[in-house]
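Pasted the sequence and its predicted model underneath.
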Amino acid sequence: MRIIINRPGVVQLFAALGILALSACSAGKKGGTFTNIDSAVVVTVAEPSGAAQHDLSISGQVEASRTVNISTRVMGIITMLKVNVGDHVNKDQLLATISNQDILAKRAQAGAKIAEAQAALNNAQKDFDRFTILYNQQSATAKELDNVTLQYHSALSGLEAAKQIRNEVNATLRYTSLTAPFSGIITQKLADAGSMASPAMPILTMEQSGSYQVSASVPENLISQIQPGANALISIKSLDKRIHGLVTQISSSSQYTGGEYIIKVSIPENEKRGLYAGMYADISIPSENTTATGIDGEAVLVPLSSIIYKDQLTGLYTVGSDNTALLRWVRLGRTYGDRVEVLSGLAKNEQFITRADGNLYNGIPVKIK
């Protein structure tokens with residue numbers, strides 16, 4: 001059987017099929033484009049700020065408002081020390097004891113001295129009463145009464161001296177039982193049971209619970225720009241936390257702090273949860289003086305919240321010409337409160353994404369709010 005192929009017809013058939021395929025692809029692309037636009041992530045954009053907002057930027061550390069070293073005034077063996085670092089203790093709780101046998105012996109001696117002085121006083125009292133009666137009856141001379149009176153007052157002083165010796169021994173004995181001066185947390189343990197305790201040698205260090213503030217050193221060219229009661233923004237990077245506080249204390253001398261002045265910034269009670277003494281903090285304090293802030297008027301500043309961290313790289317998202325998100329790697333400089341300086345990678349008049357209603361990645365369509 002012989003098959004006859006009509007070549008012009010075959011060519012026309014393949015041409016028609018190609019047109020249909022191209023039309024389907026074109027329709028698919030249009031449909032895909034419509035879908036991408038419809039599912040674009042809504043974003044908020046902004047331009048970098050300069051030094052219009054003048055803030056003093058300093059670094060500090062979180063610290064307890066009240067810290068004490070627990071030590072003793074006596075020398076002796078530590079017989080009990082059961083607390084450890086991190087333990088919570090209550091006010092007047094027993095923390096450690098020092099051997100006190102020698103002090104107890106001295107207290108017993110003081111008690112015996114008191115009994116002896118009391119007996120002497122009782123005898124002198126009887127003599128004084130007797131000679132007073134005899135003198136009034138003119139049966140004793142004034143000289144004899146004076147001698148008896150002197151003996152009586154001497155015995156009275158001897159009893160008082162013995163009592164004060166006992167008070168001194170009791171005061172020393174109290175330093176052999178170390179108690180917590182307030183409720184707090186043990187932060188350092190500098191000795192163990194069996195060690196020799198010496199006068200003024202710290203055995204424990206404790207901090208008052210929840211009494212946190214930020215301490216910072218301010219150079220002399222900036223200290224005049226800070227006033228008590230000034231608002232301060234505290235940024236704790238390790239917790240990604242920002243706290244609004246107040247300047248509560250400003251040191252008036254830098255004699256013992258290397259030429260810098262110490263300030264204290266309070267932390268509100270509801271913000272102290274999760275904080276630990278020693279955490280590093282950046283403090284931003286508003287200032288009216290633009291030259292004192294140390295911020296270059298041409299600096300490119302962006303919010304810290306817009307920065308993306310990936311391994312050792314830092315970047316932020318910008319909007320491309322095709323309305324897609326574009327991750328731009330940047331190099332950062334100093335931090336000024338809740339803003340950070342961009343040294344390279346972003347021009348001063350370039351827009352960047354500050355907020356997105358969804359997850360961003362390179363190439364995803366975005367729609368500016």
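Received the coordinates, thanks. If you're wondering where the values come from, they're calculated on a predicted model, not measured in any experiment.

next one: phi and psi at the residue nearest to Gly320 when sequence neighbours are not counted?
Leaving aside its chain neighbours, Gly320 sits nearest to Leu326 (4.4 Å; criterion: C-beta to C-beta, 6 or more residues apart in numbering). Where C-beta positions appear, they are placed from N, C-alpha and C, glycine not excepted. Main-chain torsions, Leu326, degrees, to the nearest 10: phi -130, psi 120.

show me what contacts Leu326?
Counting by C-beta atoms under 8 Å, 6 or more residues apart in numbering, Leu326 makes contact with 317-320, 362-363.

now Pro228
Contacts of Pro228 by C-beta under 8 Å, 6+ apart are 247-250.

Report the buried members of these.
Among the contacts of Pro228, the ones that count as buried by 16 or more other C-beta atoms under 10 Å are 247-248.

Taking the contacts of Pro228 together, which two end up most distant?
Thr248 and Ile250 (8.7 Å; C-beta to C-beta).

For the two, list the residues in contact with both.
228, 264.

Among the contacts of Leu326, name the buried ones.
Buried, going by 16+ other C-beta under 10 Å: 317-319, out of the contacts of Leu326.

end-to-end on stretch 91-110?
31 Å (C-alpha to C-alpha, to the nearest Å).

starting at the chain centroid, how far to that stretch?
Taking the mean of its C-alpha atoms, stretch 91-110 sits 36 Å from the chain's own mean (C-alpha atoms, centre = their mean, to the nearest Å).

What residues of it count as buried?
In stretch 91-110, counting by 16+ other C-beta under 10 Å, buried: 95-100, 103, 106-107, 110.

Of the residues you listed, which is the nearest to Ala46?
Using C-beta to C-beta, the buried residues of stretch 91-110 come closest to Ala46 at Leu95, 55.0 Å.

What is the nearest of the contacts of Leu326 to Leu301?
Thr318 (15.9 Å).

Which elements pack onto the strand or helix carrying that closest one?
Taking DSSP states H and E as the definition, Thr318 sits inside strand 313-319. Packing partners of strand 313-319 (3 or more C-beta pairs under 8 Å, 6 or more residues apart in numbering; DSSP states H and E): strand 41-46, strand 308-310, strand 325-336, strand 352-356.

List the neighbouring strands of it plus their orientation.
Here strand 313-319 has these sheet partners by DSSP bridges: strand 308-310 (antiparallel), strand 325-336 (antiparallel).

of these, which approaches Met279 most closely?
strand 325-336 (15.3 Å).

Quick one: distance of the closest one to the chain centre.
With C-alpha atoms, centre = their mean, you get 28 Å for strand 325-336.
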